[in-house]
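# no sequence for this one, just the structure:
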């Protein structure tokens, strides 16, 4: 936690709320000098090396989804946060572009659900990518231009679709979970000691320059013994990880493009938030995406595809100012099942989408206070 932020927190106060406001503020901008950067981290009193299982995922299997051999991953934990694992960009050079394109072009396609469905007809949201690529393929004109549908995208749900009104999943509100993302997630989970992980629900958040993610806990899944996985692409973000109550001051850390977080065990139900996104440090500005091609030796066995020059022009333009986050969860444990309930989503303002659920209030937050959210859960 930044010393300046810590000095503002008194005994018994909502420490998380105050520190969230500290990092969210724009004038003056916050002091980021104490934000933990795992891309530069070395073991210390706070940062510890995380134990992985290299034998759980073969080098060939890892390469199929664009990952380095597990033995080459830089994985860390934090003192005081049992079950929290931070993997600093385990992707092979040139393999992030595929996942960026999936987030922007493939996963928003029907039958998956997005925030635009709340106030647009199905025909209008049928091809978000196709209706956006012309404007995003042209060089900026310098004048204010209407936002494309892709730029208005705030969230997409996969698999079991989360109901923001009831804060539940239901058996009859489901679309097939993407096989490629399931494979990526299961390999990350297996390397972290969770073999047999089933990716059953996913939420993609699309962060624009002023977006933030309110303070919340992810607890709607029926099985909390399985980890929550979070993948970050594009611009960097400040991520706050707190405790089981909001009086616990959170730890601030960067999430850079390609970083993966695993929240398991006791850390699975901790408060967390994203107060701001920021440009990546100089050494991260290439985003490991130069060339956006796959090694020829992988092309026969990989689940990934080459990213065309046209597609990458659009993706690159988008992530120059934006961030995409994917969270993947296993909803059900052995023998568990979901009830069948009516599917319902709340309509939202075009530029101010719904937020996360809060365990204490049971309500979603709007943009009027420090718990505001322009995207959904991480």
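Thanks, I have the structure now. Quick caveat, the model's predicted, so the values are computed rather than measured.
# which stretches of the stretch 201-350 of the chain form helices?
Taking DSSP state H, counting those that start in this stretch, the helices of the stretch 201-350 of the chain run over residues 309-319.
# where does pLDDT dip in it?
Judged against pLDDT under 70, the low-scoring parts of the stretch 201-350 of the chain cover residues 282-301, 342-350.
# rerun at 90
Confidence mapping of the stretch 201-350 of the chain against pLDDT under 90 gives the ranges 209-210, 216-225, 268, 279-306, 332-350.
# could I get the full set of strands for the stretch 251-378 of the chain?
Using DSSP state E, counting those that start in this stretch, the strands assigned to the stretch 251-378 of the chain run over residues 251-255, 260-263, 272-278, 323-329.
# sheet-wise, list the partners of the second one with their directions.
When you say that, I think you mean strand 260-263. When pairing is defined by DSSP bridges, strand 260-263 lines up against strand 84-87 (antiparallel), strand 228-234 (antiparallel).
# so which of the strands of the stretch 251-378 of the chain gets nearest residue 187?
In terms of CB to CB, the element of these nearest to residue 187 is strand 260-263, at 10.7 Å. From N, CA and C alone the C-beta is placed, and that goes for glycine too.
# if we can go back for a sec, distance to residue 271 and mean neighbour count added to the strands paired with strand 260-263, as JSON lines?
JSON lines is the format used below for the strands paired with strand 260-263 (distance: least, CB to CB, whole Å; neighbours: other CB atoms under 10 Å):
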{"stretch": "strand 84-87", "distance to residue 271": "13", "mean neighbour count": "25"}
{"stretch": "strand 228-234", "distance to residue 271": "13", "mean neighbour count": "26"}
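# between the ones you listed, which gets nearest to residue 117?
Evaluated over these, closeness to residue 117 peaks at strand 228-234, with 22.9 Å, by CB to CB.
# buried ones in stretch 62-81?
Within stretch 62-81, the residues scored as buried using 16 or more other CB atoms under 10 Å are 62-70, 73, 75-78, 81.
# avg pLDDT for that stretch?
Averaging the model's pLDDT scores along stretch 62-81 yields 96.
# may I have the distance across it, first residue to last?
27 Å (CA to CA, to the nearest Å).
# pLDDT weak spots in the stretch 51-200 of the chain?
The stretch 51-200 of the chain contains residues with pLDDT under 90 at 118-119, 122-123, 135, 137-147, 162-173.
# quick one: closest of the strands paired with strand 260-263 to residue 266.
strand 84-87 (8.5 Å).
# just give me how far that closest one sits from the chain centre.
Between the mean C-alpha point of strand 84-87 and the mean C-alpha point of its chain there is a distance of 14 Å (CA atoms, centre = their mean, to the nearest Å).
# what do you get for stretch 54-71?
On CA atoms, centre = their mean, the centre of stretch 54-71 falls 21 Å from the chain's centre.
# residues contacting that stretch, please?
Stretch 54-71 is contacted from outside by 52-53, 73, 90-92, 95-96, 98-99, 180, 183-184, 187-188, 190-191, 193, 195, 294, 298, 301-304, using CB atoms under 8 Å, 6 or more residues apart in numbering.
# filter those residues down to the ones in helices?
Members of those lying in helices (criterion: DSSP state H): 96, 98, 99, 180, 183, 184, 187, 188, 190, 191.
# quick check, pLDDT for the spatially closest residue to residue 75 that is not a sequence neighbour.
In this structure, residue 75 finds its nearest non-sequential neighbour in residue 50, 4.0 Å apart by CB to CB, 6 or more residues apart in numbering. The confidence metric pLDDT takes the value 96 at residue 50.
# which residues touch residue 50?
In this structure, residue 50 makes contact with 75, 76, 77, 85, 86, 87, 192, judged by CB under 8 Å, 6+ apart.
# OK, contacts around the spatially most central residue of the chain?
For the chain, residue 325 is the residue whose C-alpha lies nearest the centre (CA atoms, centre = their mean; 2.5 Å). The neighbours of residue 325, taking CB under 8 Å, 6+ apart as the test, are 204, 205, 207, 230, 231, 232, 233, 237, 255, 274, 375, 378.
# number of residues surrounding the third one?
In other words, residue 207. Applying other CB atoms under 10 Å, we find 23 residues neighbouring residue 207.
# who touches residue 268 in this structure?
For residue 268, counting by CB under 8 Å, 6+ apart, the contacting residues are 83, 218, 224, 227, 228.
# please pick the buried ones from those.
Of all the contacts of residue 268 considered here, the ones buried according to neighbour count by 16+ other CB under 10 Å are 83, 218, 224, 227, 228.
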